[in-house]
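> Build me a structure from this.
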Amino acid sequence: MDIAEVARKSGIPASTLRYYEEKGLIQAAGRRGLRRIFEPDILTRLSLISLGQIAGFTLSEIAEMLRYEDKPRIEHRKLSEKADQLDLRIKELTALRDGLRHVANCTAPSHLECPSFRRLMRTALARYAKRRRTSRVPGRSAI
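Sure thing, here's the model as predicted:
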């Protein structure tokens, strides 16, 4: 398949495909004129890349998992760690959703007078500060 067909079938723009190739995530099988040509299994590889991104893996982490020619090598430990991070994020988002619903129905004259809304604001600020600190520590990623 040429790059235009891969883009059409995958929904991933050709520019992104070229970027993935530059980053070592995918590899063209050759060229037909100026167009890159890919093997049919490229769609499976692109699906794995998309799934990895949705799960929160960086492109570098995904490239490491896909660097083997025969099949992806994904460490179970990394998957468990990512699942734990997702659990934490789900918990945070659930609390945020519940807080917003409460505030939406709060009878206080103003959101700023609602104790739950003020607590939500303090929590948001604390989490933002924590993420900023965590993202600066090498080897740690903020969710």
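> shaky segments in the chain?
The chain contains residues with pLDDT under 70 at 68-70, 135-143.
> Output the longest helix belonging to it.
helix 76-105 (DSSP state H).
> Report all helices and strands that that one contacts.
Helix 76-105 sits against helix 115-135, with contacts defined as 3 or more CB pairs under 8 Å, 6 or more residues apart in numbering; DSSP states H and E. In this view, the C-beta of every residue, glycine as well, is placed from N, C-alpha and C.
> For the longest helix of the chain, buried residues please.
Buried residues in helix 76-105, defined by neighbour count with 16 or more other CB atoms under 10 Å: 82, 99, 103.
> What of stretch 39-54?
42, 45, 46, 48, 49, 52.
> Contacts only, for residue 61.
Taking CB atoms under 8 Å, 6 or more residues apart in numbering, we find residue 61 in contact with 52, 78.
> separation between the residue of the chain most remote from its centre and residue 117?
What lies farthest from the middle of the chain is residue 109; by CA atoms, centre = their mean that is 39.0 Å. Going from residue 109 to residue 117 by CB to CB, to the nearest Å gives 12 Å.
> shouldn't residue 55 be in contact with residue 82?
Yes. If you go by CB atoms under 8 Å, residue 55 and residue 82 touch, sitting 5.5 Å apart.
> and this structure, what are its domains?
The record's domain split for the chain, according to automatic domain parsing, is 3-66, 76-135.
> hmm, back to that, return the closest of the buried residues of helix 76-105 with respect to residue 127.
residue 99 (12.5 Å; CB to CB).
> out of everything not next to it in sequence, what's closest to the closest one?
residue 120 (4.4 Å; CB to CB, 6 or more residues apart in numbering).
> With residue 26 instead?
Nearest one to residue 26, counting by CB to CB, 6+ apart, is residue 20 at 4.7 Å.
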